[in-house]
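Student: Quick check, what structure comes out for this input:
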Amino acid sequence: MKILQINKFLYPKGGSESYMFELSDTLKEEGHTIEFWGMKDNRNSKKDTYNCFVKNIDFSTLGTLEKLSNSFSTIYSREAKRKIAIILDGFKPDIVHIHNFNFQLTPSILPEIKKRGIKIVYTAHDSQLVCPYHRLYNFQKDEICTKCIDGQFSNCIKEKCFDGSLMKSTIGALESYLYHGLDYYNKYIDTIISPSKFLANKINHLYDKEIEVIPNFVELPLVENIEKGDYILYFGRVSKEKGIIEILPFFDKYKIPLKIIGTGPEVDTIINSKYIEYLGPKYGNELFPYIQKAKFVIQPSKWYENCPMTIIESFACATPVIGASHSGFLELIEHAKNGFLLDFNSHDFEEILLKSIQSYNNSFSTSSRESYENYYTKEVHIPKIIEIYKKVLNESI
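Tutor: Numbering: from 1, shown residues only. The predicted structure is shown next:
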């Protein structure tokens, strides 16, 4: 099978990219032919085989005039439509599997794929279909927001969801109104894969077809005889919505060592103390030993999570997770078995968190690895993806 993987970023920027690369490597091992298409970037780990990647648009670095001049191309990109035609005609894929594509690549590519009779599978790594800002979170108010979920995208403008900017928020809302109004997602996407039931239940408001729920996966062999340390580990983005900054005083108060790995806008607010150690960003083989030796990984996210790779990677390392009691966490963490679910907003969260940490025993590590082996390995995941590919191809016969 020839499969074109599409994502705006083609370097390991986050969980969706890590998933796409892991999926593609495994599909190649099984004899399938893979090509990639997205934006140009010096950090890309994938070759531009057909010389058709689109120019890189980084909105965080653009001035006001540049943002205005690029505003239309964030909704409809003639360049993306023209350049995807090159790889479609050269590679001739059986399936196009799309990951993150809005704003930089834009849904303008969908009819270009479809007019060639090529089937489209889309993995919803975030809430873009029902939230112009993709996050279901209001950063100005620092709270969860689902006001747009039924198609009332004007709320994005009212709340100035995009960095408090009326201009960017208007563009985001217009993009959602346009493509839902033209029914692009129902018309052109054959199957949506959601990594969680939680997200599937959110996006099915605006998508008419069945949504396949398949959790993410990672390939990590078990390292035997790891001696657990006495520390708790947080790894991931260090930012408001992740909730880690608010709970730092807990670790000082109860003298529990915490290691923090990652980067983000809140790094400078990390408390420098005897019990809190910031180690900066680490990836892959440099990161995994820290996960393996941690007593628990903690994920106190305030915003909704889909199917966090941090939890799956922790389970693969035989490390239990203490996570927030909402969204995708509820589908991954079995309370008091492979970790704990905790309401970090409750008045007694410190007492409950302390008891959870103190209750650790080896059975938590065993159960964590069992969860991984039962649900989140490539042996479980890949046959489900192949089944979906075959299903959408058979529908055209």
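Student: pLDDT weak spots in this protein?
Tutor: Low-confidence segments of the chain (pLDDT under 70): 58-71, 395-397.
Student: Try it again at 80.
Tutor: 57-73, 395-397 (pLDDT under 80).
Student: Okay, domains of it per the record?
Tutor: Domain segmentation of the chain under automatic domain parsing yields 2-218+378-394, 232-375.
Student: Ends of the shortest one, what's the gap?
Tutor: End-to-end distance for domain 232-375, by Cα to Cα, to the nearest Å: 24 Å.
Student: So that it lines up with my notes, have the first residue be 33 from now on.
Tutor: Got it, the first residue is 33 from now on, which makes the last one we talked about domain 264-407.
Student: which one of the domains of the chain lies closest to residue 257?
Tutor: Closest of these to residue 257 is domain 264-407, at 10.6 Å (criterion: Cβ to Cβ). For every residue, glycine as well, the C-beta is placed using N, CA and C.
Student: Give me the distance from that closest one to the chain's centre.
Tutor: 17 Å (Cα atoms, centre = their mean, to the nearest Å).
Student: Equivalent analysis for stretch 141-149, please.
Tutor: 25 Å.
Student: related to what we said a few turns ago, export the domains of the chain to a markdown table and append columns for distance to residue 257 and mean neighbour count.
Tutor: A markdown table is the format used below for the domains of the chain (distance: least, Cβ to Cβ, whole Å; neighbours: other Cβ atoms under 10 Å):
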| stretch | distance to residue 257 | mean neighbour count |
| --- | --- | --- |
| domain 34-250+410-426 | 21 | 18 |
| domain 264-407 | 11 | 18 |
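Student: Report whether the expected contact of residue 260 with residue 329 is present.
Tutor: No: between residue 260 and residue 329 there is no contact under Cβ atoms under 8 Å: 11.9 Å.
Student: Redo the domains of the chain as TSV? Include distance to residue 256.
Tutor: Below are the domains of the chain laid out as TSV (distance: least, Cβ to Cβ, whole Å):
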stretch	distance to residue 256
domain 34-250+410-426	18
domain 264-407	10
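Student: What segments of the chain are strands?
Tutor: With DSSP state E as the criterion, the chain has strands at 34-38, 65-69, 127-130, 151-155, 169-170, 175-176, 223-226, 243-245, 264-267, 290-293, 308-310, 328-331, 353-356, 371-374.
Student: Switch those strands over to a markdown table; also include distance to residue 317.
Tutor: Conversion of the strands of the chain to a markdown table gives the following (distance: least, Cβ to Cβ, whole Å):
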| stretch | distance to residue 317 |
| --- | --- |
| strand 34-38 | 24 |
| strand 65-69 | 23 |
| strand 127-130 | 27 |
| strand 151-155 | 26 |
| strand 169-170 | 32 |
| strand 175-176 | 35 |
| strand 223-226 | 28 |
| strand 243-245 | 31 |
| strand 264-267 | 14 |
| strand 290-293 | 13 |
| strand 308-310 | 20 |
| strand 328-331 | 17 |
| strand 353-356 | 21 |
| strand 371-374 | 24 |
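Student: Just tell me which of those strands ends up closest to residue 191.
Tutor: Of those, nearest to residue 191 by Cβ to Cβ is strand 169-170, at 5.7 Å.
Student: Name the strands paired with that closest one and say parallel or antiparallel.
Tutor: Within its sheet, and counting by DSSP bridges, strand 169-170 is paired with strand 175-176 (antiparallel).
Student: Residues in contact with the strand it pairs with: which ones?
Tutor: With contact meaning Cβ atoms under 8 Å, 6 or more residues apart in numbering, strand 175-176 is reached by 168-170, 334-336.
Student: Look up the closest residue to residue 65, ignoring the ones flanking it.
Tutor: residue 34 (4.7 Å; Cβ to Cβ, 6 or more residues apart in numbering).
Student: So that neighbour versus residue 181, what's the distance?
Tutor: Residue 34 sits 36 Å away from residue 181, taking Cβ to Cβ, to the nearest Å as the criterion.
Student: and if you look at residue 290?
Tutor: 35 Å.
Student: that older thread, which pair of the contacts of strand 175-176 spans the longest distance?
Tutor: Largest pairwise distance in the contacts of strand 175-176, by Cβ to Cβ, is 12.1 Å, between 170 and 336.
Student: so who does the closest residue to residue 191 other than its chain neighbours touch?
Tutor: In space, and not counting its chain neighbours, residue 191 is closest to residue 170: 5.7 Å by Cβ to Cβ, 6+ apart. Neighbour list for residue 170: 176-177, 191, 193 [criterion: Cβ under 8 Å, 6+ apart].
Student: and which of those residues is nearest to residue 74?
Tutor: For those, the residue nearest residue 74 by Cβ to Cβ is residue 193; the value is 30.1 Å.
Student: Dihedrals phi and psi, the residue lying closest to that closest one once chain neighbours are set aside?
Tutor: In space, and not counting its chain neighbours, residue 193 is closest to residue 165: 4.1 Å by Cβ to Cβ, 6+ apart. Phi and psi for residue 165, reported as degrees, to the nearest 10, are phi -90, psi -10.
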